[in-house]
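In: below: sequence and its predicted model.
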Amino acid sequence: MLVSRGGRVYGSAVRLSTGAWTLVKEVARHVLRRPVIGVAVVGRDAGGRFLLVRRADTGTWALPGGTLEWGERIGPCIVRELQEEAAATVESEPKLAGVYSDPGRDPRFHAVTIVVECRVASESPAAENPLEILEARFFAEADLPANMAFGMKDMLDRSRASPEVQTAYLE
């Protein structure tokens, strides 16, 4: 709605949905062309099944996770991303499984991804933002997808191959 006062025209603010605003902030953050720090969670439920999310942008499965917010610590980022992407909660202390920094792994931007393992729980996995995540669900090891987004198959495979992961301090 436009309003004219004293020769000036004022317009109302444009309102974006929460999902659209999240995507706008994500794009703006990457315009600076610096590596982006993120987390990916190799989460398993009490039965040993792996939690994965299906991305809306590629349609492929991925580990739940995302980028660190300005001023956010890694531990709270893990909790937030699991909640946002899969309505899941952390049930055990996250253990550091790897740090990945190959600039060619993600075609969107140069990401430095901290991969952690932990036990997770979710009564009914679902995403808060369907513009980002189409679905979330648990997979038995034999049913894991052959292809995953952004090099995450390697992350998952390395994590599965080395069960002696050390607990890391994640402030």
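Out: Okay, I see it.
In: what does stretch 90-100 rub up against?
Out: 41-42, 46, 75, 78-79, 82, 111-121, 151, 155, 158-159, 162, 165-168, 170 (Cβ atoms under 8 Å, 6 or more residues apart in numbering). In short, each C-beta sits where N, CA and C put it, glycine included.
In: of those, which belong to strands?
Out: Among these, the ones falling in strands (DSSP state E) are 41-42, 111-121.
In: by pLDDT, give me the weakest of the residues you listed.
Out: pLDDT is lowest at A111 among the ones in strands among the contacts of stretch 90-100; the value there is 85.
In: what's the burial count for that one?
Out: 20 (other Cβ atoms under 10 Å).
In: same question for the one 3 residues further on.
Out: I114 sits with 23 neighbouring residues when counted by other Cβ under 10 Å.
In: next: T89.
Out: 14.
In: filter the contacts of stretch 90-100 down to the buried ones, PyMOL style.
Out: Only the buried entries of the contacts of stretch 90-100 go into this PyMOL selection, using 16 or more other Cβ atoms under 10 Å:
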select buried, resi 41+42+75+78+82+111+113+114+115+116+117+118+119+120+121+151+155+159+165+170
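In: and R160, how far from D154?
Out: In this view, R160 and D154 are 11 Å apart by Cβ to Cβ, to the nearest Å.
In: what of E85?
Out: Separation of E85 from D154 (Cβ to Cβ): 20 Å.
In: so for those two, which sits in the more crowded spot?
Out: E85 (26 against 15).
In: ok so the more buried one is a helix residue?
Out: Yes - under DSSP: H, G, I helix; E, B strand; the rest coil, E85 sits within a helix.
In: contacting residues around it?
Out: E85 sits in contact with 53, 64-66, 127-128, 132-133, 136, where contact means Cβ under 8 Å, 6+ apart.
In: what about the helices in this protein?
Out: Assigned by DSSP state H, the helices in the chain fall at 18-30, 74-86, 152-161.
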